[in-house]
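In: Sequence and predicted structure are below.
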Amino acid sequence: LIVEDEPLIAQDIASILEGYDYSVAGIAHNPDSAKLFLNNDTPDIALLDVNLNAETDGISLGEYILEKYEFPVVYLTAYADKKTIDRAKHTKPMGYIVKPFDEKDIYTTIEIALYNYANMLKPVEFDINLINKNSLGPLTDKEFEILSDIYDGKTNRQLAEHHFISINTVKTHIKNLYDKMEVGSRTEVIVKIRSLLKR
């Protein structure tokens, strides 16, 4: 999810992400439209502009996401002063990109953010039998291997390289395992596994 009040910058970020094989779940230009989006969809990560020219800013939105949804956020901002950074730190962001940025800043920050988040929530141990007992249908061995690699924070591109398959084949495997596990995103997968382990 991209939350940025400047439409041209938001579109530029979306193009950068799509160039690295990420899917943009949505673009919101203010906190209210971001919250409406989140009522119906849970992305794997959010890029939040700090200054959204609204009553609430990106940091307040980050706090809302942390409390209600628990998926990682990265801040984009022209502000790197101590006061802003101190506020941002309390919302536990996975990254902080200072404008002006280039496409490598976006790519590397998201890669590291998703990797760190996946490993922070990685369960101690789970096996295919645990998953299959709590799924609509049994995962294939390949789907389970991809599920394990998602926990290791691998992106679609890295999954394709690791398994010697195309990006489209990776996306097909991921869609199938999401359907079987009744989830819609990587974050929801992690939350579901955590809840299974607590039983």
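Out: Sure thing, it's come through.

In: Check what pLDDT the closest residue to R186 other than its chain neighbours gets.
Out: Nearest residue to R186, sequence neighbours excluded (Cβ to Cβ, 6 or more residues apart in numbering): D44, at 4.5 Å. C-beta here means a position set from N, CA and C on the backbone, and glycine is covered the same way. Looking at D44, its pLDDT reads 90.

In: just P123 next, same as before
Out: pLDDT recorded at P123 is 56.

In: contacting residues around the helix or strand of the chain with the lowest mean pLDDT?
Out: Least confident helix or strand of the chain, by mean pLDDT, DSSP states H and E, is helix 186-198 with a mean of 78. Residues outside helix 186-198 that contact it (Cβ atoms under 8 Å, 6 or more residues apart in numbering): 42-44, 69-72, 114, 118, 121, 123-124, 126, 130-131, 134, 147, 150-151, 177-178, 181-183.

In: Can you get me a residue count around the residue nearest to R186?
Out: Per other Cβ atoms under 10 Å, the neighbour tally for D44 reads 23.

In: and if you look at the one 10 residues further on?
Out: The tally of other residues near A54 (other Cβ under 10 Å) stands at 16.

In: again, but for K175
Out: Number of residues near K175 (other Cβ under 10 Å) recorded here: 10.

In: Could you measure from it over to S23?
Out: Going from K175 to S23 by Cβ to Cβ, to the nearest Å gives 11 Å.

In: same thing with S166?
Out: The spacing between S166 and S23, counted by Cβ to Cβ, is 16 Å.

In: What of K92?
Out: 24 Å.

In: coming back round to it: right, and the residue nearest to R186 touches L114 too?
Out: Yes - counting by Cβ atoms under 8 Å, D44 touches L114, with 6.7 Å between them.

In: joint contacts of these two?
Out: In contact with both D44 and L114: P72, R186, using Cβ under 8 Å, 6+ apart.

In: Contact partners for K154?
Out: Shown in contact with K154 (Cβ under 8 Å, 6+ apart): H162.

In: and it, helix, strand or coil?
Out: K154 falls in the coil class when you classify it by DSSP: H, G, I helix; E, B strand; the rest coil.

In: on that earlier part again, checking the residue nearest to R186 next. Helix, strand or coil?
Out: Going by three-state DSSP: D44 is coil.

In: now do the one 4 residues further on
Out: Assigned with three-state DSSP, L48 falls in the strand class.

In: what pairs with it across the strands?
Out: Using DSSP bridges, the bridge partners assigned to L48 are V3, Y75.

In: From what I see, it and L76 are in contact.
Out: Yes - shown here, L48 and L76 form a contact pair, counting by Cβ under 8 Å, at 6.8 Å.

In: what residues are shared contacts of these two?
Out: With contacts taken as Cβ under 8 Å, 6+ apart, the residues that reach both L48 and L76 are G58.
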